[in-house]
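In: Sequence and predicted structure below; questions after.
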Number of protein chains: 2
Amino acid sequence: MKDPTDLKLFIPGPTHVRRRILEAQSVPMIGHRSPFMKQLLADVLPGVRSAFGTEGSVVVLSSSSTGSMEAVSRSVVRPGKRALHLVNGNFSDLWRKLSLAVGLDVLVAELPWGQGWHEANVAEALAQHGPVDAVFVAHCETSTGALSDIAGVARAVRAGCPEALVCVDVTSSAAGTEIDFDARDLDVAVGGVQKAWALPAALALAAVSPRALARMAEVPHRGYTNDLASALEYQDNKGMTSTTPAIPVIQALRVQLGDIEAAGGFAARFDTHRAMQSQVLEWAAARGFGVLARDGFRSPTVTSIDAKGRFKMEDLVAGYREAGYFITGGYGKTKPTHWRIGHMGDHTPTCVGEVLALTDTILAAIGCAAAPAGA
Amino acid sequence: MKDPTDLKLFIPGPTHVRRRILEAQSVPMIGHRSPFMKQLLADVLPGVRSAFGTEGSVVVLSSSSTGSMEAVSRSVVRPGKRALHLVNGNFSDLWRKLSLAVGLDVLVAELPWGQGWHEANVAEALAQHGPVDAVFVAHCETSTGALSDIAGVARAVRAGCPEALVCVDVTSSAAGTEIDFDARDLDVAVGGVQKAWALPAALALAAVSPRALARMAEVPHRGYTNDLASALEYQDNKGMTSTTPAIPVIQALRVQLGDIEAAGGFAARFDTHRAMQSQVLEWAAARGFGVLARDGFRSPTVTSIDAKGRFKMEDLVAGYREAGYFITGGYGKTKPTHWRIGHMGDHTPTCVGEVLALTDTILAAIGCAAAPAGA
């Protein structure tokens, strides 16, 4: 097997982590109950607030993205009440499964892969399914590259079901595009850091509204370790995490936040993501390929490109691999027909340009015409 | 604030992590759904089995120790059945709290701090509390340094309550002393890697018996992310972890396992821990200090020393800090009266000797006589 560390990751997470960030993990351990831990946490929280667009509560969890989503499933629906899952791909469906696994009474509204949620279709889903305690939605659905309009989702929920909390999976959107937690009136936004944050895995970040915190107090048996309310209470009262955290990843987060700030802050980072997205979309359009996510619902962090059956996907993936890139096919049922480019994190327009040029070379080599007739 | 990375950790976790191990984390990310991840996991599981003394199922969880203990609380007690927690210090009591937090019906048997559990006192506790579905015990109680006789605990449970599973927290014993999971007939042994494993935090390891796996199938709403049965099923079927794992720490684990093997394997590592323990116990005895854990129940990984009121604990802790060591007082209620030396992980008899010599110097400087009259 080729040394995996020779491959540059362009999958939609975990994404490429810069050497400087990898090395930031190698700081010797500090006591997690020492003043140094308090300082480390105090150093990172303002930047996390900035990424989420909130002046409210944010919390650091030592958890996978999935774990942080499961924590939300356990904490926002009162006994006897129901949850509505908005499903439009694999990861929004995974959240539904997590809610089932923790015993929730789950309702589902589903869109075809590639579509996104917005005010009107959420209003319709709520009208159909009746009152619920929480609505769960993926901001960027990593399996398709569809970005839902979470501002519209929140408006529909406030209008149609005022007691419902708006819970958003931001795993592949946070640090890559605006969450605008406060302005969009969200209740929980949660996700891991191995995607647009461009950090090693094993840490998740969350923003939590006062409304959500009040709700959590009404939900029993949430547990302790991975519970957002317990973690926040500990963080607020003692300035530390409630259990031994992923200290090396928090050290890496501190360095990353400094670098993001030095490069113009999150606004500049979001612009860079949109620039990388435009490169990919323009490249695909110019060559007559399709894009899985519908226009108006395309994420700046990942694009799933429809090969239109013009070549065998395994040949492209093998070509990437041969050239030192790890880029995979579509997710699940779209695996043989699509491929996904994760243009997120610390990737740049320059390296996206390199990947697209490489793609042209591979496509020519495997006998795929540069563009179909008429394109 | 002094640079925390200048301090050598001798607290009972997180413990000192060697530079080579810290740097092992800095390998570029690999895809967690790639063959490289399968290889990484396949590389580490045999060593984990060896540490636990089992030929059965072991699982890698991206979780704090506390999280892994909570996962056990969620998974081994059937609805309507009860759990018995054997408490003899802060962390065994924490496990009781975790079981309460997930909604279990909890019974408690308690020993004074410093005592350990063994066949007779567990038999007595079971006779008093009646049938339960699981018995929870800490192997090494980190707050006191007491090591319970888990072989005796298991014998008492088999004899007194055959339907009960024996669940052991091995957070501060694993990789520092024998777990002997198979020989001692345990059901679940679980804990993090930031103590005697001498690895960065954010990973937990568990051994699970077939009996425990069968039980988990009868327990609903265990969740998914941090659930031992789901993690094992995914690991067995796909050779990978069920969610994005703490890849850097698993990379570090692989290097650490290789180094342990090269240094004579776990048997040699356990001997080294006993040698470090003997140094500390002999030093304390020669100076007339006491030891919190009772004779016969003392852990090879951590010793809590009773200062017998001969000096102010904060003066000793400050002296250590001044000399570049992070060594703290006792835990909780023993904080002002005791201090704990974590002689675990990659510490050696040589560096324990240095710490003890330093302690003599500090004690002299703060006016504590080398030994009381008659010692």
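Out: Received, thanks.

In: So which bits of the host helix or strand of A:D259 are buried?
Out: For A:D259, the host element (DSSP states H and E) is helix A:247-262. Buried residues in helix A:247-262, counted by 16 or more other CB atoms under 10 Å in any protein chain shown: A:247-257, A:259-260. From N, CA and C alone the C-beta is placed, and that goes for glycine too.

In: among those, which are in reach of chain B?
Out: A:I247, A:P248, A:V249 (CB under 8 Å from any CB of the partner chain).

In: Surely the second one touches B:Q194?
Out: No: the pair formed by A:P248 and B:Q194 falls short of the contact definition of CB atoms under 8 Å, at 10.5 Å.

In: overlap in contacts of these two?
Out: Taking CB atoms under 8 Å, 6 or more residues apart in numbering or on different chains as the contact rule, A:P248 and B:Q194 both touch B:P200, B:A201.

In: what's the nearest residue to A:T225 if we skip its chain neighbours?
Out: Ranked by CB to CB, 6 or more residues apart in numbering or on different chains and with sequence neighbours excluded, the top spatial neighbour of A:T225 is B:G67, at 3.9 Å.

In: Is the one you found in a helix, a strand, or coil?
Out: helix (DSSP: H, G, I helix; E, B strand; the rest coil).

In: Tell me who's in contact with it.
Out: Contacts of B:G67 by CB under 8 Å, 6+ apart are A:S62, A:S63, A:T225, A:N226, A:T243, B:L61, B:A204, B:N226.

In: right, and out of these, which lies closest to B:H85?
Out: For those, the residue nearest B:H85 by CB to CB is A:T225; the value is 16.6 Å.

In: avg pLDDT for the helix or strand hosting A:D315?
Out: Assigned by DSSP H and E, A:D315 falls within helix A:313-322. Over the span of helix A:313-322, the pLDDT mean works out to 96.

In: buried ones in that helix?
Out: Quick answer for helix A:313-322 (16+ other CB under 10 Å): A:M313, A:L316, A:V317, A:G319, A:Y320.

In: Tell me which other helices or strands that helix touches.
Out: On a contact count with 3 or more CB pairs under 8 Å, 6 or more residues apart in numbering or on different chains; DSSP states H and E, helix A:313-322 meets strand A:338-342, helix A:349-365.

In: how far away is A:F181 from B:L257?
Out: As judged by CB to CB, to the nearest Å, A:F181 and B:L257 stand 42 Å apart.

In: same thing with A:A246?
Out: From A:A246 to B:L257 the distance is 20 Å (CB to CB).

In: A:V355 now?
Out: 36 Å.

In: name the helices or strands packed onto the worst-scoring helix or strand of chain A on mean pLDDT?
Out: One helix or strand of chain A scores below all others by mean pLDDT, DSSP states H and E: strand A:8-9, with a mean of 86. On a contact count with 3+ CB pairs under 8 Å, 6+ apart, strand A:8-9 meets strand A:325-326.

In: can you map out the strands along the stretch 51-200 of chain A?
Out: Assigned by DSSP state E, counting those that start in this stretch, the strands in the stretch 51-200 of chain A fall at A:57-61, A:82-87, A:105-110, A:134-138, A:140-141, A:146-147, A:165-169, A:188-192.

In: nearest to B:T144, of the ones you listed?
Out: The nearest among these, by CB to CB, is strand A:57-61 at 29.2 Å.

In: Please work out which residues outside the closest one touch it.
Out: A:41, A:44-45, A:48-49, A:52, A:67-68, A:71, A:203-210, A:213, A:226, A:228, A:231-232, A:235-236, A:241, A:245, A:250.
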